[in-house]
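Participant: requesting a structural model of the entry that follows:
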Amino acid sequence: MTEADWLACKNPEFMVAAIGERLTPRRRHLLAAAVVRRVWEILPEGDLRNAVEWCEKNAGKAHADKKVEDWVDKINTAARTGLEFARTTQHGIVLSADPDAEPESFRLTEDDVVNPAAVLFQAAARHAGESVEQAGVAVLHAAQAIAMLAMMPPDDAQLDEVRRLVIEATQARTGAGMLSSYALKLKSMGDEAADADPRRNVNVRYAASLETVTKEDESLTTKLGDLNEQKVKADRKALGRFLLDLCGNPFKTFRFEPAWRTKTVLGLAKTIYSERLFDRMPILADALLDADCDEEAVLRHCRGTEHHAPEGAAHGRGCWVLDLILKTEPAYFKEVPLEEPKPETTATPPTAGGRRPEAASWDRLLRALEEAGPGDADDDAPPPTPPRTRPG
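Facilitator: Got it, this is the predicted structure:
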């Protein structure tokens, strides 16, 4: 991996492999915690969020802590509570589509007359019920990711498992939103069809409603099918940004003068780290300037104006600038910068006779010079004029 590859963060798996053993247990754990925080909005207030905080504060050693079993019990209990809360909340969103009703309870015929709106109401109730279910599934996957964050040792296996569960959680949460939108849309169509029903041409109108449901279902199925690929891409992009915040540019040295650690700088850094007030990073940049800091990489990262990060820095616990200021894991910053791989030279394959194929004119010229004797004509002399023949 080259420096340009790292800064482009197109392949986070290669980035993790390239940084290798420099990712200490603490830094690996904080990286997995940053991934888990992608489902923060899915988590209800309480023990699920508190468990993430506990893991971050005990990064690298949570799995071996005596309190981990207590936290796993809290996570399991909170997951069940969160499941019901998510379902209840989602039920309130799609209540008008009657998710509690069995789709078959809508009568297709009434007084021996076909009801054109019934098929729309049936589809609405079906999608509404599915949206409630998916909202609960999202919380369960998110809670499982937190449990893995607490229980597993910080290594590649933990990171892979956490990423998988977060992808599934975000996919289920987005799917729940799509299903609810389609449910409410079909419910509205059903209301319109019922209000405009003159009880004439009902068979034709019923066929039109059925066709509408078929098209809407096909559209929804296509969008739901694309969700996994979208969430995988989002996961890889986020992981790359987290690595840039955690490790900076490992192909460069980390310069920070002791004089820049003023009382104001240290106080701000400690507050930002402990209370997760990362919106104050630009203020930290100003404090560093007041301390005569002239390291562009440090200032740009604080301000979120790095050339390789047009969307701004994804600050989190373990941010390389904060760790550098607070002297957290000093050994990491003493590591020799990574070296870019040297370009490989392609050897010319030998010919069948054991000799290399001649490299066009250059090899031929060298061979001609070697064969030339000391009495040969000057190389710059014009070629001899061929003898003229007497006309016969």
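
Participant: where does pLDDT dip in this structure?
Facilitator: Residues of the chain that meet the criterion pLDDT under 70 lie in 103-114, 197-200, 344-392.

Participant: could you chop it up by domain?
Facilitator: Taking automatic domain parsing as the reference, the chain has its domains at 3-247, 258-333.

Participant: right, and the ones you listed - which one's nearest residue 339?
Facilitator: When the domains of the chain are ranked by proximity to residue 339, the top entry is domain 3-247, at 9.7 Å, counting by C-beta to C-beta. Where C-beta positions appear, they are placed from N, C-alpha and C, glycine not excepted.

Participant: so which residue is smack in the middle of this protein?
Facilitator: The residue lying closest to the centre of the chain (C-alpha atoms, centre = their mean) is residue 235, at 2.2 Å.

Participant: which residues does that one contact?
Facilitator: By C-beta atoms under 8 Å, 6 or more residues apart in numbering, the contact set of residue 235 is 35, 38, 163, 166-167.

Participant: identify the residues contacting stretch 142-155?
Facilitator: Residues outside stretch 142-155 that contact it (C-beta under 8 Å, 6+ apart): 25-26, 28-29, 32-33, 35-36, 39, 42-43, 48, 51-52, 54-55, 59-60, 62-64, 68, 71-72, 75-76, 78-79, 82, 158, 161-162, 165-166, 169.

Participant: okay, helices next: where are they in the stretch 201-350 of the chain?
Facilitator: Assigned helices in the stretch 201-350 of the chain, in chain order: 202-247, 263-275, 281-290, 296-303, 320-326, 330-333 (criterion: DSSP state H, counting those that start in this stretch).

Participant: got the ones you listed as CSV, with distance to residue 341 columns?
Facilitator: Listed next are the helices of the stretch 201-350 of the chain as CSV, based on distance: least, C-beta to C-beta, whole Å:
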stretch, distance to residue 341
helix 202-247, 18
helix 263-275, 35
helix 281-290, 33
helix 296-303, 23
helix 320-326, 23
helix 330-333, 22
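
Participant: and these, which is most packed in?
Facilitator: Among these, helix 320-326 has the highest mean neighbour count (mean count of other C-beta atoms under 10 Å), at a mean of 23.

Participant: ok now that helix, how far from the chain's centre?
Facilitator: For helix 320-326, the separation from the chain centroid amounts to 24 Å (computed by C-alpha atoms, centre = their mean, to the nearest Å).

Participant: who does that helix touch, helix- and strand-wise?
Facilitator: Applying 3 or more C-beta pairs under 8 Å, 6 or more residues apart in numbering; DSSP states H and E, we find helix 320-326 packed against helix 202-247, helix 263-275, helix 296-303, helix 330-333.

Participant: output that helix as PDB, restricted to C-alpha atoms.
Facilitator: C-alpha atoms of helix 320-326 as PDB (Å, rounded to 0.1, in the frame of the first residue of the first chain):
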ATOM      1  CA  TRP A 320      -4.400  10.700  16.700                       C
ATOM      2  CA  VAL A 321      -4.200  14.400  17.500                       C
ATOM      3  CA  LEU A 322      -5.800  14.000  20.900                       C
ATOM      4  CA  ASP A 323      -3.700  11.000  21.700                       C
ATOM      5  CA  LEU A 324      -0.600  12.900  20.700                       C
ATOM      6  CA  ILE A 325      -1.500  15.900  22.900                       C
ATOM      7  CA  LEU A 326      -2.400  13.800  25.900                       C
END
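
Participant: re earlier: make CSV from the helices and strands packed on helix 320-326 and add distance to residue 8 to it.
Facilitator: Converted to CSV, those look like this (distance: least, C-beta to C-beta, whole Å):
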stretch, distance to residue 8
helix 202-247, 8
helix 263-275, 27
helix 296-303, 17
helix 330-333, 23
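
Participant: between the ones you listed, which one is nearest to residue 315?
Facilitator: helix 202-247 (5.8 Å).

Participant: need the strands for the stretch 1-150 of the chain, in chain order.
Facilitator: For the stretch 1-150 of the chain, the strands defined by DSSP state E, counting those that start in this stretch cover 109-110, 113-114.
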